[in-house]
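Peer 1: Kindly generate the corresponding structure for this input.
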Amino acid sequence: MPTPFAAFADLCAVLEATAKRNEKKHHIAVYLKRLDAEEIQAAVCYLIGKPFPEPDDRVLDIGGRTIWKLQTQDTTQSTLIANSLTVQDVARAFDTIARTKGPGSRSKKQAMLETLFQRATSNERKTLTRILAREMRIGAVEGVVMEAIAEVADTPLPVIQRENMLLGNLGEVAKIAITQGEDFLSKTQLRLFTPMKPMLAEMSYSLVQVMKEHGGRTAFEYKFDGARIQAHKKGDKIRIYSRRLSDVTDSIPDIVAQARQGIKADEAVVEGEAIALGANGRPLPFQDLMRRFTRVHDVEDKTRQIPFRLYLFDIMYIDGEVLIDKPYEKRWEILQQTVDPTLLAPRTVTESVGEAHKLLDAAIRAGHEGLMAKALDSEYAPGVRGKKWYKIKPYATLDLVIIAAEWGYGRREGWLSNYHLGAFDEDTGEYLSLGKTFKGLTDQEFQKITERLQALKTRETEYTVYVRPSIVVEVAYNEIQRSPHYKSGFALRFARILHIRDDKGPSEADTLERVKRLYRMQFEAKAQLPNVSST
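Peer 2: Numbering: from 1, shown residues only. Got it, this is the predicted structure:
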């Protein structure tokens, strides 16, 4: 029997009022047990604030103003047919909206959404709004949902975590685990042309600390100022995926050509970085790169204007063999044997901090961000951030979400140009402010981001526009300080925006827990920052 969407809305209300992680897990598990098989995937996606699974290329393309207007529309009609909406009704409506294209599609999409909202009760409407805005505020982070799935499926949590990493689709993992069990789930493997989540790295301020953590010997690679990509190859077929698991193949034909020519295996999944090159062969700024990275029009012209260069640094699959459990040192050997040497990222394996400093200096002089340090024995752990991989830059950075912006004055008058920077609090499901900055962007970027933020507006005061958390920015800072002025308890000193990270979604931004951890460690490590040249 179809499950009423009202039951999902009730669950969200309970989760919002529940502080303890184990209680949240229990409520989610009880709900999942009630669902029909065909409802599980959609319900799990909605819990973590996604209308569609992460690798799915469907988008609703609904503006923030439309969403919030629908939430407050007249409820007279909906009360006459209350509780008639089901989880599958919502899934079908989202699918139809996403597939609506062409002239007049925007008004058609809005009409379909209005019909959906008219069928919803007030509580359901609130929940729909949060799904559409990708801001659930119920504390059902991916980790809690995975724990609930493991409980319902009577499956060890590491099995759920691993399959989620490989498939990149927690809803599908839940459906397989709950309906078919651990034995079937454990048989699923990395799938060609299904992108998997990238392995993540911790930030370090110290080459000495990294060398110690990695046992005195480690591999250092250039940390490119580019866009991370994952390339899947089978015969002549090549597909390229972004770090957000989006298919960007058609936007970057030069990267496709380099991968097709340089990867020698018949079947392979490799990982690397696409950088944009200027006339002098040096990397262009990240924002120039992103103008091309997801382009769908005038691709050939832009390819000539902003050529891309591919560097590869890992291999996860080759000719039927999954490699993620092999140590990094072995994966690199296989990568060397599999791809043209010109595609390999510059790399040094060393026991010498001095040699690592020289490579860091060379990376900065070449126009890149710094270094990656990778433990030689590290397996590839998709979606996991840990001490096996470190990123080392000559300044500290965080990926934060713009949660509000203030109207500027003087030269910045007419632009939203003082940005409130938020980190995700996993306990409350909120983005909490770490302070504000107007530094780092060009006039052109001020203008464009003002337009984007206005489309994301949720409410407004005389000076401040509050927005749906959507835009991720990479923020450089001098120090994390305690602050009684912000609910987060912290503020960034001398914050400035380095990049607008359109390759990242808000779920990939840094958490408040990570901010706390960096706060604790910064004083013991900051004095060891390498003195590198910036030319």
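Peer 1: pretty sure L116 is touching A93, no?
Peer 2: Yes: when contacts are counted by C-beta atoms under 8 Å, L116 is listed as touching A93 (4.7 Å). Where you see a C-beta, it was placed from the backbone N, CA and C, and this is true even at glycine.
Peer 1: Settle it for me: which of the two has more neighbours?
Peer 2: Shown here are L116 and A93; by other C-beta atoms under 10 Å, L116 has more neighbours (23 against 20).
Peer 1: what about that one, which SS state?
Peer 2: Using DSSP: H, G, I helix; E, B strand; the rest coil as the criterion, the local structure at L116 reads helix.
Peer 1: residues in contact with it?
Peer 2: Residues in contact with L116, defined by C-beta atoms under 8 Å, 6 or more residues apart in numbering, are 85, 89-90, 93, 128.
Peer 1: Would you agree I62 falls within a helix?
Peer 2: No: I62 sits outside any helix when classified using three-state DSSP, being coil.
Peer 1: For it, give me its contacts.
Peer 2: Taking C-beta under 8 Å, 6+ apart, one finds 97, 109-110, 113, 132 in contact with I62.
Peer 1: try it again with 10 Å
Peer 2: I62 is in contact with 51, 70, 94, 97-98, 106, 109-110, 112-113, 132-133, counting by C-beta atoms under 10 Å, 6 or more residues apart in numbering.
Peer 1: Just give me the least confident of those.
Peer 2: Scanning these for pLDDT, the low point is L70. It has 73.
Peer 1: what residue ranges in the protein score low on pLDDT?
Peer 2: 64-65, 68, 71-83, 185-188, 287, 410, 522-535 (pLDDT under 70).
Peer 1: Now do the strands in the stretch 1-150 of the chain.
Peer 2: Counting by DSSP state E, counting those that start in this stretch, the stretch 1-150 of the chain has no strands at all.
Peer 1: Please, where are all the helices along it?
Peer 2: Assigned by DSSP state H, counting those that start in this stretch, the stretch 1-150 of the chain shows helices spanning 5-16, 21-34, 37-47, 64-71, 76-80, 87-99, 105-118, 122-133, 142-153.
Peer 1: buried ones in the first one?
Peer 2: Residues of helix 5-16 classed as buried by neighbour count (16 or more other C-beta atoms under 10 Å): 5-12, 14-16.
Peer 1: doesn't P307 make contact with P283?
Peer 2: No: at 11.2 Å, P283 and P307 do not qualify as touching, with contact defined as C-beta atoms under 10 Å.
Peer 1: the more surrounded of those two?
Peer 2: A direct count of neighbours by other C-beta under 10 Å for P283 and P307 places P283 higher, at 20 against 16.
Peer 1: returning to that earlier point: give the intersection of the neighbour lists for P283 and P307.
Peer 2: Residues touching both P283 and P307 (C-beta under 10 Å, 6+ apart): 275-277.
Peer 1: what helix or strand is A491 on?
Peer 2: Assessed by DSSP states H and E, A491 sits inside strand 490-493.
Peer 1: how far out from the middle of the chain is that strand?
Peer 2: Mean-position distance between strand 490-493 and its chain equals 23 Å (C-alpha atoms, centre = their mean, to the nearest Å).
Peer 1: List the buried residues of that strand.
Peer 2: Buried, per 16+ other C-beta under 10 Å, within strand 490-493: 490-492.
Peer 1: mind exporting that strand as CSV, just the C-alpha atoms?
Peer 2: Output of strand 490-493 as CSV, limited to C-alpha atoms (Å, rounded to 0.1, in the frame of the first residue of the first chain):
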residue,chain,number,x,y,z
PHE,A,490,33.9,31.0,16.2
ALA,A,491,35.0,33.7,13.8
LEU,A,492,37.6,33.8,11.0
ARG,A,493,40.3,36.4,11.2
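Peer 1: Next SSE downstream of it?
Peer 2: Note on strand 490-493: by DSSP H and E, the next helix or strand toward the C-terminus is strand 496-500.
Peer 1: Distance from that next one to the middle of the chain?
Peer 2: That offset, for strand 496-500, works out to 16 Å (C-alpha atoms, centre = their mean).
Peer 1: Stretch 426-436 too?
Peer 2: 17 Å.
Peer 1: what sits against K374?
Peer 2: So K374 contacts 199, 201, 210, 214, 218-221, 313-314, 328-329, 331-332, 347, 349, 388-390 (C-beta under 10 Å, 6+ apart).
Peer 1: which ones among these are found in strands?
Peer 2: Taking DSSP state E, the ones among the contacts of K374 that sit in strands are 201, 218-221, 313-314, 347, 349, 388-390.
Peer 1: Between all of the residues you listed, which two are separated the most?
Peer 2: Farthest pair in the ones in strands among the contacts of K374 (C-beta to C-beta) is A201 and V349. Separation: 17.2 Å.
Peer 1: follow-up on the earlier one: identify the farthest-apart pair in the contacts of L116.
Peer 2: For these, the maximum inter-member distance is 11.0 Å, found between D89 and L128 (C-beta to C-beta).
Peer 1: can you list residues touching both of the two?
Peer 2: 5, 116, 120.
Peer 1: do you know how far the last one is from L11?
Peer 2: From A120 across to L11, the span is 15 Å (C-beta to C-beta, to the nearest Å).
Peer 1: now do K439
Peer 2: Distance from K439 to L11, by C-beta to C-beta: 42 Å.
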